[in-house]
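*Asks:* Give me coordinates for this.
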Amino acid sequence: MLGRHGLTILALLSLGAAVPSQAAPRTDQEVTRTGITDHGYLFELRAPAGWQLLGESEARRLSPDAMCGATLLRSGIWAFLITESTSEVELSDMRDLVIANMLDRLDGRVEQTDEIEFLGRPAFRVHLVGEVDGVKLRFVNTLFQHRSYTYQIVCAGPDLAPMRDPRTTAAICDAFTLLPGDAVPGRDRAWVRSDTTGIGWRLTGGRYESALSGVVIEPREGWHVEIGDALAAMNADAEVALLHGRVEFYLMIVSEPVAAADRNGFEPLLRESCTVGLGAAPSGSFTRPVAGRDVRFDIRTLDVGAEHVHGVMHHEGFVVQIQCWWTAAAGDGALQLLDEALAQLSFLDGERKARLARELLDGQDHESGLLADRALRNGLFRDYRYDFRWRKPRDTFWRVRLGQDARAFDEQARAVLEAPAHGIEALVFAEQGSDVAPLHYHRATLADYVGRDSVTLLQKPRTRSVGGRQVLLSSFSVDRGDIRMGGLLATASQPDGRHVAMVFMALPQNLRDGRDAALAAVDSLELLDFDLEPSQRAAGVIRDDRLGFELRAPSQTDAMEEQSIPAFESQGRVIRIGGGPHVALFTAVRSNMQSGQSEWFERVLHENMARSLPREFRSVGLQEVGEVTVDGRTGRHRRGAPSRSGGRIETVTLEHDGTFFALVVAHANGRGPTLEQYLAGIRWVE
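*Replies:* Predicted structure coming up:
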C-alpha cells in the first residue's frame, strides 16, 4: 500500500527546486581540518574545539541528506547540516514536517520547541528525545531559511549529560556562518554507494535489479538509486527510489504481489488510498509510457506547494506503484524530468528474474538487526528474553523487522516477518509465566491480536508436529478497512508457561498461493528448552551470541574488562585485554554503514578508544600493512611507527555478518603477546 512512513517524509524530502539555469557559478566544497567552506550552499563551518569535521562525502555515509557534518567522538555526538530548496514553504510548515518526519522514524516525543533568532533570521529550535533500536537519543534541530532554502543544523547523540548541555548545540551553531551571495547555486549531490545486495535485490555498478517485482533501474548521469536504510527512512514500504542529483525530484517504487483475480479491484483501492493518505484529490491525469506500456498517472497539488503524481501498473503477478514528487514551481521542467526518470525503468523477464532469485537465495544473507534482548544475523533470529529462535527458510525471501519497525505493526510484536514474493506478513508475539493451556492461548491470541468482531474462523485449531513439538494451527479471515484479508495462526507452548504466536496475514489468494512458504516459516520456529544466553563469560573467554564472536585472551591470567563508549551503547561492546604497558582493545559494533567504509570507521574507532591506550600511542598515525586472516575471514592490517621506547600499535579491522570488528594492540615497550596470538583467540559464532 502507500506505507506507514512515506507520505510525510516524502513531502518533506521532495519540496524541491526548479530546474537549474545554465549559469555555472562556483559550487564546490572546500574541506580542511579547521573548516568547511561550501560555495554551492553559501556557508562556512569552522571546527569547534574537540569536534572533527566531516565533508559532504563522509557525512552522507551517515545521513544521506547531509551537506556536511561534525562529530564529538568521545561523547558519541554528531551534527549534520541539511539543506532543502523550499521557496514556497513557510518555515513553520517546515518545522512541522521535520517533527513529523523524526517522530515517524523514532519512538519519541517533542520535549520543547523554541522560536529564536539565528544569524539575524527567524528560526526554530526543536528538542526531541527518542529511542532507536534500544538506544536512547536526544536531537536538537535548528531550522532557518536563507535565499529560498531551508537550512537544518541537526545535533544528535546519546541522551546523556553532554547532549543535554546547551553548550554542545551552541558550539556547533556558533561555528556556522553564511557566505554572501544573491542566490544559492546548489550543486550535484555527492553520492556514496558500493555494490551490495538485499532481500530480493542487488545493486551492481549503480544498476538496481529486483528478483521480486522484476523492476530494473539503470540510472543515467546525474541520477542516483537509493536503497537500504536511507530508503526506509523515507518510506518503509518502498522497494527503491530514483533521485536527481541536483533538482529535488524523487521517484519511488512500491510493489506488492496481487493475484490475478484481485488486480482489477485492487488498483482503484490503491488510487483511493493515495487520495486519503495525501489529503488531496487528483486535479487531473495523463498517460506516460513505462517500459513499453502506457500507464495512467494521477496528479495532485499538495498544501505544501509540491506536485505529486501516482501511477499503477502490473508486471508478472505484482502491482507496481510509481510515485513522484517535485515543486509546483518546476512546471514543465519537472514533467521533462518525469519522462527522463520513467525512461530509466524497465523489467526483467520471467527467466532472468528466476535466475537472479536463485543467485540471491544461494548467497549470503546480509540482513541484520540488534536489540538488547534480540538479534538477527546470517538468517537466524534469536529472542533471548523468551528463549526461541527462528531461521529463515532458504527457498523463498524473508525480511525481518525489529524494534520500532516491528512496533509500527503492533506494540507487542517481538518481530515482523515478511515474505515479499507472496505479500505475506507474520507478526511474532511471545509471553511467559502463563499457566493457560496451549489451546486456550491459541484462542486468546486469535481474539486479542486479530479481533473478536471482524474475524471469521475458517478452520478450527489442528495440530502440526514441528521438531518433536506440537504447534496449533488455525485459518481465519478478517476485515482490514475495505479489504478482506486471509490469516493463519500458529502457536507453540512450553510446560514452563512460555508461548510463541505467529500471526500470518495476506490477501486471501496470496495466502493460499504462499501457504507452503508460511508453513515452512512455522516449521523453522524453535521454542527452546534451555536458556538462550546473549553473552557468556569464563576465565579468559567471552562468548557473545548477539554480535557473533568468541574472544579468548592469550593467557587466562589476562584481565578482560568492558569499556564504556556512549557512541556504541547497546549496539556493540568494547573489551580491554591486559593492562599496564600491554593492552589490546577488541570492539564489535553493529554496522549500519555501506561496505568500503572500514578506513573511516577505523579512524573513528581509534579516536574513541584513545583514552584507553597508553599515552604515547594516542596520536600515532597508522600505515597500511596488508591483509590478515581471522578465523577464515579477511581483515585489514595497519601498523603505527615505533615509538621512542620501541613500542608500537597495530590494528585489524573487518566486517562480518553485519557487525564491524576491530582489534587494537598496543605495546609500550615492544614486548607482550603478539598480534598473531590475539588473532588466534578470535572465533566467529553462527
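*Asks:* Dump stretch 668-684 to CSV, keeping only the CA atoms.
*Replies:* Extracted as CSV, the C-alpha positions of stretch 668-684 are listed here (Å, rounded to 0.1, in the frame of the first residue of the first chain):
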residue,chain,number,x,y,z
ALA,A,668,54.6,0.4,25.1
ASN,A,669,58.0,-1.4,25.2
GLY,A,670,57.7,-3.7,22.2
ARG,A,671,57.1,-6.8,24.3
GLY,A,672,54.0,-8.8,25.3
PRO,A,673,51.6,-11.1,23.3
THR,A,674,52.0,-10.8,19.5
LEU,A,675,49.2,-9.7,17.2
GLU,A,676,49.0,-13.3,15.9
GLN,A,677,48.4,-14.6,19.5
TYR,A,678,45.5,-12.2,19.9
LEU,A,679,44.0,-13.1,16.5
ALA,A,680,44.2,-16.8,17.3
GLY,A,681,41.8,-16.1,20.2
ILE,A,682,39.0,-14.8,17.9
ARG,A,683,36.3,-17.2,16.7
TRP,A,684,33.1,-16.4,14.9
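*Asks:* list the buried ones in it?
*Replies:* Buried residues in stretch 668-684, counted by 16 or more other CB atoms under 10 Å: 668, 672, 673, 675, 678, 679, 681, 682, 684. Using the backbone N, CA and C atoms, a C-beta is placed for each residue, glycine as well.
*Asks:* So which of those residues are in helices?
*Replies:* 675, 678, 679 (DSSP state H).
*Asks:* show me what contacts the last one?
*Replies:* If I follow you right, that is residue 679. Counting by CB atoms under 8 Å, 6 or more residues apart in numbering, residue 679 makes contact with 628, 630, 652, 663.
*Asks:* per-residue pLDDT, it?
*Replies:* What the model reports for residue 679 is a pLDDT of 95.
*Asks:* any idea how far it is from residue 646?
*Replies:* Residue 679 is 22 Å from residue 646, where distance means CB to CB, to the nearest Å.
*Asks:* Assess the claim that residue 367 and residue 197 are in contact.
*Replies:* No. Taking CB atoms under 8 Å as the definition, residue 367 is not a contact partner of residue 197, at 10.0 Å.
*Asks:* hmm, back to that, would you turn the contacts of residue 679 into a markdown table with neighbour count and distance to residue 129?
*Replies:* Formatted as a markdown table, the contacts of residue 679 follow (neighbours: other CB atoms under 10 Å; distance: CB to CB, whole Å):
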| residue | neighbour count | distance to residue 129 |
| --- | --- | --- |
| 628 | 17 | 42 |
| 630 | 21 | 39 |
| 652 | 24 | 37 |
| 663 | 25 | 35 |
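*Asks:* Out of these, which is nearest to residue 25?
*Replies:* Distance to residue 25, by CB to CB, is smallest for residue 652 among the contacts of residue 679, at 46.0 Å.
*Asks:* pretty sure that closest one is touching residue 675, no?
*Replies:* Yes. In this structure, residue 652 is within contact of residue 675 by CB under 8 Å, at 7.2 Å.
*Asks:* Between these two, which contacts overlap?
*Replies:* What both residue 652 and residue 675 touch, as defined by CB under 8 Å, 6+ apart, is the set 628, 637, 663.
*Asks:* who does the strand or helix carrying residue 307 pair up with?
*Replies:* If you go by DSSP states H and E, residue 307 is part of strand 306-315. Using DSSP bridges, strand 306-315 pairs in its sheet with strand 293-301 (antiparallel), strand 318-327 (antiparallel).
*Asks:* Where among these is average confidence lowest?
*Replies:* Lowest mean pLDDT within the strands paired with strand 306-315: strand 318-327, at a mean of 90.
*Asks:* how far is that one from where the chain is centred?
*Replies:* Relative to the mean C-alpha coordinate of its chain, strand 318-327 is positioned 21 Å out (CA atoms, centre = their mean, to the nearest Å).
*Asks:* next one: stretch 465-484
*Replies:* Using CA atoms, centre = their mean, the offset of stretch 465-484 from its chain centre is 30 Å.
*Asks:* can you check stretch 264-274 too?
*Replies:* Taking mean C-alpha positions (CA atoms, centre = their mean), stretch 264-274 and its chain are 29 Å apart.
*Asks:* so where's the stretch 301-450 of the chain shaky on pLDDT?
*Replies:* Within the stretch 301-450 of the chain, the stretches with pLDDT under 70 are 304-305, 327-331, 450.
*Asks:* 80 instead?
*Replies:* 303-305, 327-332, 433-434, 449-450 (pLDDT under 80).
*Asks:* Identify each buried residue in the longest helix along the chain, please.
*Replies:* Of all the segments of type helix in the chain, defined by DSSP H, the longest one is helix 260-278. Within helix 260-278, the residues scored as buried using 16+ other CB under 10 Å are 262, 266, 267, 270, 271, 273, 274, 277, 278.
*Asks:* Grab the nearest non-local neighbour of the third one.
*Replies:* Nearest in space to residue 267, with sequence neighbours left out and distances taken as CB to CB, 6 or more residues apart in numbering, is residue 312 at 4.9 Å.
*Asks:* tell me the contacts of that neighbour?
*Replies:* By CB under 8 Å, 6+ apart, the contact list for residue 312 reads 267, 270, 271, 295, 296, 319, 320, 321, 322.
*Asks:* Kindly indicate which of those lies nearest residue 406.
*Replies:* Closest approach to residue 406 among these (CB to CB): residue 321, at 23.6 Å.
*Asks:* who does whichever strand or helix holds residue 661 touch, helix- and strand-wise?
*Replies:* Assigned by DSSP H and E, residue 661 falls within strand 659-667. In this structure, strand 659-667 packs against strand 582-590, helix 598-609, strand 648-656, helix 675-680, with contacts taken as 3 or more CB pairs under 8 Å, 6 or more residues apart in numbering; DSSP states H and E.
*Asks:* Any idea which of those has the lowest pLDDT on average?
*Replies:* helix 598-609 (a mean of 57).
*Asks:* following that helix, which helix or strand shows up next?
*Replies:* Scanning onward from helix 598-609 (DSSP H and E), the first element met is strand 622-630.
*Asks:* Give the buried residues for the next helix or strand after that next one.
*Replies:* Counting by DSSP H and E, the element after strand 622-630 in chain order, helix or strand, is strand 633-640. By neighbour count on 16+ other CB under 10 Å, the buried set for strand 633-640 is 635, 636, 637, 638, 639, 640.
*Asks:* With stretch 550-566 instead?
*Replies:* For stretch 550-566, by 16+ other CB under 10 Å, it's 550, 551, 552, 553, 554, 558, 560, 563, 565, 566.
*Asks:* likewise stretch 497-505?
*Replies:* 498, 499, 500, 501, 502, 503, 504, 505.
*Asks:* swap in stretch 149-167?
*Replies:* In stretch 149-167, counting by 16+ other CB under 10 Å, buried: 149-160, 162-163.
*Asks:* now do stretch 381-400
*Replies:* For stretch 381-400, by 16+ other CB under 10 Å, it's 381-384, 386-388, 390-393, 396-400.
*Asks:* Stretch 222-241 too?
*Replies:* The neighbour-count check on stretch 222-241 (16+ other CB under 10 Å) flags 223-228, 230-241 as buried.
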